[in-house]
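Asks: coordinates for the following, if possible.
(chains A and B)
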Amino acid sequence: GAGVSQSPSNKVTEKGKDVELRCDPISGHTALYWYRQRLGQGLEFLIYFQGNSAPDKSGLPSDRFSAERTGESVSTLTIQRTQQEDSAVYLCASTKWTGQETQYFGPGTRLLVL
Amino acid sequence: AQSVSQHNHHVILSEAASLELGCNYSYGGTVNLFWYVQYPGQHLQLLLKYFSGDPLVKGIKGFEAEFIKSKFSFNLRKPSVQWSDTAEYFCAVLSGGSYIPTFGRGTSLIVHP
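Replies: Numbers count the residues shown, from 1 in each chain, chains lettered A, B, ... in the order given. Predicted structure coming up:
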């Protein structure tokens, strides 16, 4: 595709429910990143994939958060038992090779936990 | 760990005013430096970047940034802003050997016509 896409664009859920957020990177991009952006804050790194392995999961805030990636394509970020503090915009970005390059961002998924 | 400071969180200017947005980082080794911009309703996108060479970097739409190693800074400048420059601006730093960029908190710029 022409760019990074994410779905859904908006998600409203009730506290305690699980949610899945999807990211389709640019075709051929091997590195994929997930970030969280809370209102008025910067981008908070969550996890990084090189291919389908995740060398760095250090940013995942708790064991309720997990992510996987199929090959060098789609990635899914799952948040189990959502809490109100999980409300944020979740951004996905991809780069062609390693992380030493310009990141191409998707439009984000705006998550609201009631 | 690397940290990135953007001192101006909100900037309001009139058209034709000059702009300078500050960005300072903490790690003193080799760095790659970026400015990203997010226009209203659009994706984050690259404005300009510095990897090596001339410390004065030119980007899109008349923006430039200067890497001053001794000051750990990478400030963004534009001599004359336009209403269309209204956006959120993020500074990011990639430390040598790392694959994870560190982003600043962002600066919201509003330009009045």
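Asks: every contact and neighbour count from this point should use C-alpha atoms.
Replies: Noted.
Asks: show me what from chain B comes close to chain A.
Replies: For chain B, the residues in contact with chain A (C-alpha under 8 Å from any C-alpha of the partner chain) are B:32, B:42-46, B:90, B:94, B:98-106.
Asks: let me see the contact set for A:V12.
Replies: Going by C-alpha atoms under 8 Å, 6 or more residues apart in numbering or on different chains, A:V12 touches A:111-114.
Asks: closest to B:W83 out of those?
Replies: For these, the minimum distance to B:W83 (C-alpha to C-alpha) is 30.0 Å, reached by A:L111.
Asks: so how far is B:V37 from B:K49?
Replies: 12 Å (C-alpha to C-alpha, to the nearest Å).
Asks: quick one on the thing from earlier: among the residues of chain B next to chain A, name the buried ones.
Replies: In those, burial by neighbour count holds for B:32, B:43-46, B:90, B:94, B:99-106, counting by 16 or more other C-alpha atoms under 10 Å in any protein chain shown.
Asks: picking up where we left off before, which of the contacts of A:V12 fall in strands?
Replies: A:111-113 (DSSP state E).
Asks: lowest-confidence entry in the buried ones among the residues of chain B next to chain A?
Replies: Least confident of those in the model: B:Y99, at 83.
Asks: what strand or helix carries it?
Replies: Under the criterion DSSP states H and E, no helix or strand holds B:Y99.
Asks: distance-wise, check it relative to A:Q80.
Replies: 27 Å.
Asks: show me what the residue nearest to A:L39 when sequence neighbours are not counted is bridged to.
Replies: Closest residue to A:L39 apart from its sequence neighbours, by C-alpha to C-alpha, 6 or more residues apart in numbering or on different chains: A:A88 at 6.7 Å. Here A:A88 sits in beta bridges with A:L111, as judged by DSSP bridges.
Asks: equivalent analysis for the one 5 residues further on, please.
Replies: In this structure, A:A93 has beta-bridge partners A:Y33, A:F105, where bridges are defined by DSSP bridges.
Asks: A:R36 is in contact with that one, correct?
Replies: No. The criterion here is C-alpha atoms under 8 Å, and A:A93 misses it with A:R36 at 11.3 Å.
Asks: report the secondary structure state of the nearest residue to B:L46 once chain neighbours are set aside.
Replies: Closest residue in space to B:L46, ignoring its immediate chain neighbours: B:Y36 at 4.4 Å, by C-alpha to C-alpha, 6+ apart. Secondary structure assignment for B:Y36 (DSSP: H, G, I helix; E, B strand; the rest coil): strand.
Asks: OK, contacts around B:Y36?
Replies: Counting by C-alpha under 8 Å, 6+ apart, B:Y36 has contacts B:44-48, B:89-92.
Asks: what packs against the helix-or-strand element of chain A with minimal mean pLDDT?
Replies: In chain A, the helix or strand scored least confidently by mean pLDDT, DSSP states H and E is strand A:53-56, which has a mean of 84. When contacts are defined as 3 or more C-alpha pairs under 8 Å, 6 or more residues apart in numbering or on different chains; DSSP states H and E, strand A:53-56 sits against strand A:43-50.
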